[in-house]
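Chemist: Quick check, what structure comes out for this input:
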Amino acid sequence: MNDTDYIPIAALNQYAYCPHRCWRMFCAGEFIDNQYTIEGTSLHDRVHTLGQGHRDETWQVRAIWLKSEQHKLIGESDLIESEFGQLYPIEYKRGRKGEWDNDELQVCAQALCLEEMTGKTVTTGYIYYAHSHQRQPVEISVQLRENAIAIIQSIISLFQTGIMPKAVYSKRCKGCSLKSQCLPQAADKVSRYQEVSELSGD
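Modeler: Predicted structure coming up:
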């Protein structure tokens with residue numbers, strides 16, 4: 001990574017979910033589809049029909065590119081809306097709200113780009129979960145902004161060094177399409193075996 005390179009906005013979501021997965025996708029160029037990724041791609045293909053229009057008092061524009069020079073971010077939005085002068089990004093997801101904040105961080109990254117591009121403060125975003133057909137509001141809080149900026153710095157370091165983060169097994173691995181590539185359970189067992197061997201002096 002050099003000064004002219006940009007971080008894909010989606011990388012924040014992947015890194016927050018699993019740094020090892022982020023490395024495999026964006027550094028090693030590995031990606032394998034499974035049921036969840038295929039459903040997600042299908043959803044985004046339907047959403048990413050470039051265009052704009054109005055819904056009552058709300059102006060909508062789909063599939064536009066967002067960019068931040070300050071944070072070195074770039075990515076395609078699902079939907080941007082403006083209501084009474086207030087802009088907010090909407091990110092579409094196939095499932096339901098999970099236990100982690102990786103989706104919220106992706107929305108925050110879009111908000112950072114919108115703010116730089118328009119000069120307007122973005123206080124709220126939304127995640128539309130296709131499973132429930134509901135929007136989940138995301139407050140673009142100071143804490144969320146700080147978390148997003150910290151992850152951006154971690155990703156910059158990852159891209160610059162290319163050092164592969166350790167695969168750590170957790171319940172997040174269950175639906176991961178790259179699980180068979182990193183074998184986190186096997187790596188965890190080997191690590192624990194090595195620790196036991198070192199303690200026993202073998």
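
Chemist: drop to CA atoms for contacts and neighbour counts, all remaining ones
Modeler: Will do.

Chemist: Tell me the strands beside the longest strand seen in the chain, with direction?
Modeler: Across the chain, the longest stretch assigned as strand under DSSP state E is strand 86-93. Within its sheet, strand 86-93 is paired with strand 79-83 (antiparallel), strand 124-129 (parallel), according to DSSP bridges.

Chemist: Please state the offset of it from the chain centre?
Modeler: Relative to its parent chain, strand 86-93 has a centroid offset of 14 Å by CA atoms, centre = their mean, to the nearest Å.

Chemist: now what about the longest helix belonging to the chain, what contacts it?
Modeler: The single longest helix within the chain, with elements called by DSSP state H, is helix 142-161. Applying CA atoms under 8 Å, 6 or more residues apart in numbering, the external contacts of helix 142-161 come out as 1-2, 7, 11-12, 15-16, 23, 27, 71, 105, 108-109, 164.

Chemist: okay, the angle between the stretch of helix or strand residue 61 belongs to and strand 79-83?
Modeler: Assigned by DSSP states H and E, residue 61 belongs to strand 58-62. Calculated by axes from the mean of the first three to the mean of the last three CA atoms, to 10 degrees, strand 58-62 forms an angle of 160 degrees with strand 79-83.

Chemist: Just give me the neighbour total for residue 112.
Modeler: Under the neighbour criterion other CA atoms under 10 Å, residue 112 is assigned a count of 22.

Chemist: Residue 120 now?
Modeler: So residue 120, with other CA under 10 Å, has 13 neighbours.

Chemist: Kindly report the same for residue 114.
Modeler: Residues contacting residue 114 under the criterion other CA under 10 Å number 22.

Chemist: Cool, thanks, talk later.
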